[in-house]
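> Sequence first, then the predicted structure:
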Amino acid sequence: MATESAGSLGREELIEAYRVMRTIRAFEERVHTEFASGELPGAVHLYAGQEAVAAGVCGALVEGDYIASTHRGHGHAIAKGCDIGAMMRELYGKAGGSCNGKGGSMHIADFERGMLGANGVAAGGAPLACGSALSAKVLGKSHVSVAFVGDGAANQGSFSESLNLATVWQLPVVFVVEDNFYAQATGTRYHLRGLDVARRAEAFGMPAVTVDGTDYFAVRDAAATAVERARSGGGPSLVECKAGRFFGHMEGFDQQGYRGAGEVDRLRAEQDCLVKFVTAAGLSTSETADVDVTVDAAVEVAVAEAKAAPSPELTELLTDVYVSY
Amino acid sequence: MATESAGSLGREELIEAYRVMRTIRAFEERVHTEFASGELPGAVHLYAGQEAVAAGVCGALVEGDYIASTHRGHGHAIAKGCDIGAMMRELYGKAGGSCNGKGGSMHIADFERGMLGANGVAAGGAPLACGSALSAKVLGKSHVSVAFVGDGAANQGSFSESLNLATVWQLPVVFVVEDNFYAQATGTRYHLRGLDVARRAEAFGMPAVTVDGTDYFAVRDAAATAVERARSGGGPSLVECKAGRFFGHMEGFDQQGYRGAGEVDRLRAEQDCLVKFVTAAGLSTSETADVDVTVDAAVEVAVAEAKAAPSPELTELLTDVYVSY
Amino acid sequence: MTQPQRVLSYLEALNEALAQEMAADPSVVVFGEDNIGGTGCDGTLGHAWGPTRGLHNQFPDKVFDAPITEAAFVGAAVGAAATGLRPVADLLFVDFAGVCFDQILNQAAKLRYMVGGKAKVPMVLRAMWGTGMRRGAQHSQALYSMFTHIPGLKVVAPSNPVDAKGLMASAIQDDDPVIFFEHKLLYFGSRGVVPEERYTIPLGEAKVVREGGDVTIVAIGRMVNEALAAAEQLAADGVEAEVIDPRTLSPFDFDAVYTSVEKTSRLVVVDESNPRCSIATDIAGNVAENRFSALSSAVRTVTSPHAPVPFSPALEDAFPPNAGKIVDAVRSTLAASLSKAS
Amino acid sequence: MTQPQRVLSYLEALNEALAQEMAADPSVVVFGEDNIGGTGCDGTLGHAWGPTRGLHNQFPDKVFDAPITEAAFVGAAVGAAATGLRPVADLLFVDFAGVCFDQILNQAAKLRYMVGGKAKVPMVLRAMWGTGMRRGAQHSQALYSMFTHIPGLKVVAPSNPVDAKGLMASAIQDDDPVIFFEHKLLYFGSRGVVPEERYTIPLGEAKVVREGGDVTIVAIGRMVNEALAAAEQLAADGVEAEVIDPRTLSPFDFDAVYTSVEKTSRLVVVDESNPRCSIATDIAGNVAENRFSALSSAVRTVTSPHAPVPFSPALEDAFPPNAGKIVDAVRSTLAASLSKAS
Ligand SMILES: Cc1ncc(C[n+]2csc(CCOP(=O)(O)OP(=O)(O)O)c2C)c(N)n1
Ligand SMILES: Cc1ncc(C[n+]2csc(CCOP(=O)(O)OP(=O)(O)O)c2C)c(N)n1
Ligand SMILES: [Mg+2]
Ligand SMILES: [Mg+2]
């Protein structure tokens, strides 16, 4: 399907988009393996399968823009330009991690890159993004804020309240709902009654669209429109993206028995955003192979360095908090 | 306007509806005077102007049905059949009050009448009504639950969550939004962006209608449809009623400077639900006069008895709570 | 007694309590996110992993999956409890109390009092707590001290399977709202002999889990095992610690603590929560108020530091109290009373 | 000093602090429900009744009315604080912390720590508290003990206008989130001489508001006046009480309390909150741990009972501590230490 950005993006931009998605994929597949081998601690939620959402949305952003992420945040962080070395160290809880090991997968943040953090609380990022949008608005800056929210988290009261606050204050914020069809083991057919979250946003008074979240170009176009609206003072919007996850809800936790027989295999075979992207963008095998080699090597280095990195000093226990008793 | 119930209600039912609304009006006007004279303590939010909502909705209910109310709860309580003597004693914080003086205006309740309580927290009643609806559903009873919610409270996350939970669990509950155009001093034009809350309910997957809240028959018909749907297993609905309040947000607090010049006078002159009702129902002067005399006398007695009633014993401080230290 | 004794995990014991109470009382209902697991999916139901696993098979009309709407479903538990059900709602992590705190603080805990006793709120809110699973700052808190502060709410924190089962039964049968703290490291890590029949352990009754005359150690939840380990180390040096497991934090069995302190004259409180306004200072303060003259030396609190829970395993392992820190605290209180005596 | 001294109410002092900090730092913004008042209405704006009244005239782009979305706007304060603003958000009643508790507990308080110090959260959350206005159980709580339990959050509770102004200035300038407790009876009921110029009072610094050698009374917020009244009554009997106003509850100036207790050897803590896991037991417990040998007698806590706040004026008046109850507590600790001495 010919979309606007498919035609307008240059070769380098297309390759960059591929690089971002391919990095997320490699990162997540590797984290999956590392977790399975028992070396990686923590609550780790993988983003594989949804790469086109993070890449498409963050592709529509510029430096200085903010994103507030979810518990499933690696993809958002990578797409926003966070360093995968620091991220991997964070996942291992090591010194030199994005949060010096104190946050872990569920709290990865990089304020210099405008990544306000993954969040351990469902929809936790939505109010925060309203806040960074308020900063931009009050300080007279043109920065746009994006809040990523899962389909399940969209049922949280704080999310509905954020929709309301954003429209009332006309904040430069874009809500990106990632409908991956499940909240843990519960299906959207049940918890959203199969309805689009986009309809709620409209009821709160903001424009909303629903797109195929495995189609990079569709996501990017929808995001670009919403971002442009926000940047030019047109207020908030919502973009709902449908894309299944390839892994279970959380590593080491979930046998995915709730998914239909062959569902994941079908997703990987038919709904792989990377495959779709390469075809739609018309990338050559040598173009992708160059990226693949670099990305895989970078992930390899990230893992090796993370494993070798020291743990934080025990004195870190009582830093970054105002007082101890 | 000929509505369904206008034709179908018998004389006695019409007079009963008038009696309910007239009782609320007399109760509230009297509480207003009593508060002004400094004798009545507490945070008191008056319902005058909105009587047709409480009366119309509760008119569509039967014994055993539940209502969960708001901070502006006197009208709901009276319409659900609570004793105004006990209510007045409660407002004065006296022994023999609905809650033995421990609740006050913001917590008036009468579980025997299915009145689950006023609530000091915006939208506090919505989850509670989901709960009483769950009880009916699980226990196999046909009782319907109604949650009253103000326009401002409709922005609370717990309200959106209740809409979601009610549709997902298909609960026998009716959400009644009372849009009186203000949340404290803030206008709905601002905090709802002038939009109907009904649209949100539809987005969550339940039927919703908006009616003139000063038209008893319109409210009653809409409520009857929603209640019937809930009672017959058809799940939740929302009824949004528009009706301005005659008094300020809270007694002794609010000079109403935020309301347009003459706004309240116009409301009283043109949007008085009692006047509209008498006309539409074709009640005669003698019919209304009989009710008026009884109602006014009852309110007089309620006030006199409340003033004369003793305060609760000091030992009551530590009853109704499991343990003291 | 000649029968082989049956060993259950803490998680299994909780599951058994839920099943037995549901069987005994048709007004008991159970709900929360993935309490069945898999509702609305292509696959079959039944992918709960926690104590509710499998209940829906036995009680198909009494177990519900909830959307991620804690404020609504915990509030619904209050409304349901006030109108005839005995709901057991599942918060998953106690940290998520943040998103439904009004329902706990202002609705569940206060309703009975606000309406002058004309309603009761027999509900249980289950919640996982504690450090040790590398879950980071928003999934590892203790928080029971905050709930203990709230009048109208009962707070239970069992340390082992047999208590977990009996206290859960009591919590469900109780007419007041109870928040039930399940330590995540105990689910699989704590196993014990659990009677098969239905039984209750009264709320508000502490247990002396080890007797001793030299020092009283009050420890909560997972810390009971650490306190027992510390007591073993101390015993090797001839110090006999009495270890008390309060089991219920509100109402609190102060008498059990006072009786022990009257015997030992020394108090150490071990509490995995942050220190300020904690159950540790609560017990210390109450003893200093009500049994001051029984004390021969300064009380000692052993708590986590005044910091959020760090993710890094190295840091997290250093965060909560442990046997070593408890031994140090006991030695310091012994040293202080010796120096006072001399 | 020859100029006439200016008297302000507590409410006016807070208003002046907000105005001065906004004038001094353009990153300070103020929002909450009806913080302007009247937005979206037919009439004119400006119907706020509280400390934000009139600010929008001077700072039209820095004051906002919010819809009833505490979770969203308190969370927005966190996000705004982490990206360049210094928001002062208004909760109205502290009881409403229930509907946005996650934003306080898990976002505001923890962000800086969770991201390894790479963000700061310079925000203030203003909140009315306390009994005495006949507002019932959901509008009269103290709750500061709960917030004191939370690491990462600072907790301030001024007792008079001059402190209110200086502490508000410090709270706004502070780089950590601060919850600022404004007692509703003090707004109009507490008046005092307040300097016109901008000034700060450091967070975490207690004030000895009355010196005395016989007993230390630590009192919070409105209770400071009750403690002073009690001290006057006691002085008539020759008992000299030292009264300490901590002003900030987290961080807490334990040294000030310890210094006083070393002098007086007796401690009474007066705290309007519920008793369990309260600031009262916190102070008592810390003194019993860290200055046990300075104590000559049992500590005494004077708190509200373990019950929700009743509406009935007769009951509400009997609920909080007052001068009479404080005098009784002082006498009982004096009697206990006399009997110990004899
Ligand atoms: C307030 C809250 N409730 C519950 C949870 C536990 N939890 C973590 S992830 C999750 C499912 C989230 O589903 P969704 O938003 O669709 O995101 P996905 O995992 O599918 O990316 C739940 C229930 C939580 N983190 N926060
Ligand atoms: C969660 C919460 N936030 C704020 C308040 C303070 N408050 C009490 S009533 C009210 C306005 C409510 O407006 P609306 O829901 O429209 O009801 P109305 O007063 O108009 O009947 C507010 C903000 C509250 N009670 N609860
Ligand atoms: Mg999902
Ligand atoms: Mg209104």
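Thanks, I have it. Numbering: from 1, shown residues only, chains lettered A, B, ... in the order given. Ligands and ions are numbered 1, 2, ... in the order given.

> Now do the end-to-end distance for stretch C:106-116.
Criterion C-alpha to C-alpha, to the nearest Å; first-to-last residue distance in stretch C:106-116 is 15 Å.

> quick one: it near chain D?
Yes - judged by C-beta under 8 Å from any C-beta of the partner chain, stretch C:106-116 and chain D are in contact via C:Asn106, C:Ala109, C:Lys110, C:Tyr113, C:Met114. C-beta here means a position set from N, CA and C on the backbone, and glycine is covered the same way.

> Ligand 3 versus the fourth one, what's the distance?
If I follow you right, that is C:Tyr113. Distance of C:Tyr113 to ligand 3, given as C-beta to the ion, to the nearest Å: 40 Å.

> For that residue, give me its contacts.
B:Lys102, B:Asp320, B:Val321, C:Pro151, C:Gly152, D:Ala137, D:Ala307, D:Pro308, D:Pro310 (C-beta atoms under 8 Å, 6 or more residues apart in numbering or on different chains).

> picking up where we left off before, now the residues of stretch C:106-116 next to chain D in a markdown table, with pLDDT and secondary structure?
Listed next are the residues of stretch C:106-116 next to chain D as a markdown table, based on pLDDT from 0 to 100; DSSP: H, G, I helix; E, B strand; the rest coil:
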| residue | pLDDT | secondary structure |
| --- | --- | --- |
| C:Asn106 | 98 | helix |
| C:Ala109 | 98 | coil |
| C:Lys110 | 98 | coil |
| C:Tyr113 | 98 | helix |
| C:Met114 | 98 | helix |
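
> Pick out the most distant pair among the residues you listed.
C:Asn106 and C:Tyr113 (11.3 Å; C-beta to C-beta).

> Can you check which residues contact both of these two?
Residues touching both C:Asn106 and C:Tyr113 by C-beta under 8 Å, 6+ apart: D:Ala137.

> What about the residue of the stretch 151-300 of chain C found nearest ligand 3, how many residues nearby?
Here the residue of the stretch 151-300 of chain C nearest ligand 3 is C:Lys184; by C-beta to the ion that distance is 23.0 Å. Residues lying near C:Lys184 (other C-beta atoms under 10 Å in any protein chain shown) number 22.

> which ones are touching residue 48?
In the absence of a named chain, chain A is used. A:Ile24, A:Arg25, A:Glu28, A:Glu29, A:His32, A:Arg245, A:Phe246, A:Phe247.

> wrong one, I was asking about chain C
By C-beta under 8 Å, 6+ apart, the neighbours of C:Ala48 are A:Ala185, C:Asp34, C:Asn35, C:Ile36, C:Gly37, C:Gly54, C:Leu55.

> How about C:Arg276?
So C:Arg276 contacts A:Tyr325, C:His306, D:Thr148, D:His149, D:Pro151, D:Ser250, D:Phe252, D:Asp282 (C-beta under 8 Å, 6+ apart).

> what does the domain assignment say about chain C?
Following automatic domain parsing, one gets these domains for chain C: C:7-193, C:207-341.

> Reformat those domains as JSON lines; add distance to ligand 1.
Converted to JSON lines, these look like this (distance: least, C-beta to the nearest ligand atom, whole Å):
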{"stretch": "domain C:7-193", "distance to ligand 1": "5"}
{"stretch": "domain C:207-341", "distance to ligand 1": "15"}
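
> out of the ones you listed, deepest packed?
Among these, ranked by average contacts under mean count of other C-beta atoms under 10 Å in any protein chain shown, first place goes to domain C:7-193 (a mean of 24).

> Tell me if it is near ligand 2.
No - legend: contact between domain C:7-193 and ligand 2 by C-beta under 6 Å from any ligand atom is lacking; minimum distance shown is 7.1 Å.

> To what extent is the closest residue to A:Lys94 other than its chain neighbours buried, counted in neighbours?
Spatially, and ignoring its direct neighbours in sequence, A:Lys94 is nearest to A:Ala309 (3.8 Å; C-beta to C-beta, 6 or more residues apart in numbering or on different chains). Residues near A:Ala309, counting by other C-beta under 10 Å, number 18.

> Show the contacting residues for A:Ala309.
Listed by C-beta under 8 Å, 6+ apart, the contact set of A:Ala309 reads A:Arg89, A:Tyr92, A:Lys94, A:Ala95, A:Gly96, A:Gly97.

> One more pass at 6 Å, please.
A:Arg89, A:Lys94, A:Ala95, A:Gly96 (C-beta atoms under 6 Å, 6 or more residues apart in numbering or on different chains).

> For it, report the pLDDT, please.
Looking at A:Ala309, its pLDDT is 98.

> For it, give its distance to ligand 4.
A:Ala309 is 56 Å from ligand 4, by C-beta to the ion.

> could you check the distance from that residue over to ligand 1?
Plainly put, A:Ala309 is 28 Å away from ligand 1 if you go by C-beta to the nearest ligand atom, to the nearest Å.

> Mind checking what secondary structure A:Ala54 has?
Here A:Ala54 is helix, with the state taken from DSSP: H, G, I helix; E, B strand; the rest coil.

> wouldn't it be in contact with A:Gly73 here?
No - in this structure, A:Ala54 is not within contact of A:Gly73 by C-beta atoms under 6 Å, at 9.1 Å.

> for the stretch 1-150 of chain A, which spans come out with low pLDDT?
A:1-3 (pLDDT under 70).

> Dihedrals phi and psi, whichever residue of the stretch 1-150 of chain A sits closest to ligand 1?
Across the stretch 1-150 of chain A, the shortest distance to ligand 1 (C-beta to the nearest ligand atom) belongs to A:Gly150, at 2.1 Å. Per-residue torsions, A:Gly150: phi -80, psi 170 (degrees, to the nearest 10).

> measure the closest residue to A:Cys273 other than its chain neighbours to B:His74 for me?
Residue nearest to A:Cys273 in three dimensions, not counting chain neighbours: A:Ala52, with 3.7 Å by C-beta to C-beta, 6+ apart. A:Ala52 sits 55 Å away from B:His74, taking C-beta to C-beta, to the nearest Å as the criterion.

> before we move on, the earlier item: looking at the contacts of A:Ala48, spot the one nearest C:Ala71.
Among the contacts of A:Ala48, and counting by C-beta to C-beta, the member closest to C:Ala71 is A:Arg245, at 26.5 Å.

> element containing A:Ala201, please.
Applying DSSP states H and E as the criterion places A:Ala201 in helix A:198-204.

> just how off-centre is the longest helix along chain C within its chain?
Determined from DSSP state H, the single longest helix within chain C is helix C:323-341. Distance of helix C:323-341 from the chain centroid (C-alpha atoms, centre = their mean, to the nearest Å) equals 27 Å.

> what does stretch C:78-98 give?
16 Å.

> Repeat that for stretch A:259-269.
22 Å.

> repeat for stretch C:126-133
Worked out by C-alpha atoms, centre = their mean, stretch C:126-133 lies 10 Å from the chain centre.

> Is any residue of that stretch near chain A?
No - applying C-beta under 6 Å from any C-beta of the partner chain, one finds stretch C:126-133 out of contact with chain A, separated by at least 7.8 Å.

> Report the mean per-residue pLDDT for that stretch.
On average, stretch C:126-133 scores 98.

> hmm, who's touching that stretch?
C:90-91, C:93-94, C:140, C:142, C:180-185, C:222, C:272, C:309, C:316, C:319-320.

> so of these, which ones are in strands?
Those of these mapping onto strands are C:Asp90, C:Leu91, C:Phe93, C:Phe180, C:Phe181, C:Glu182, C:His183, per DSSP state E.
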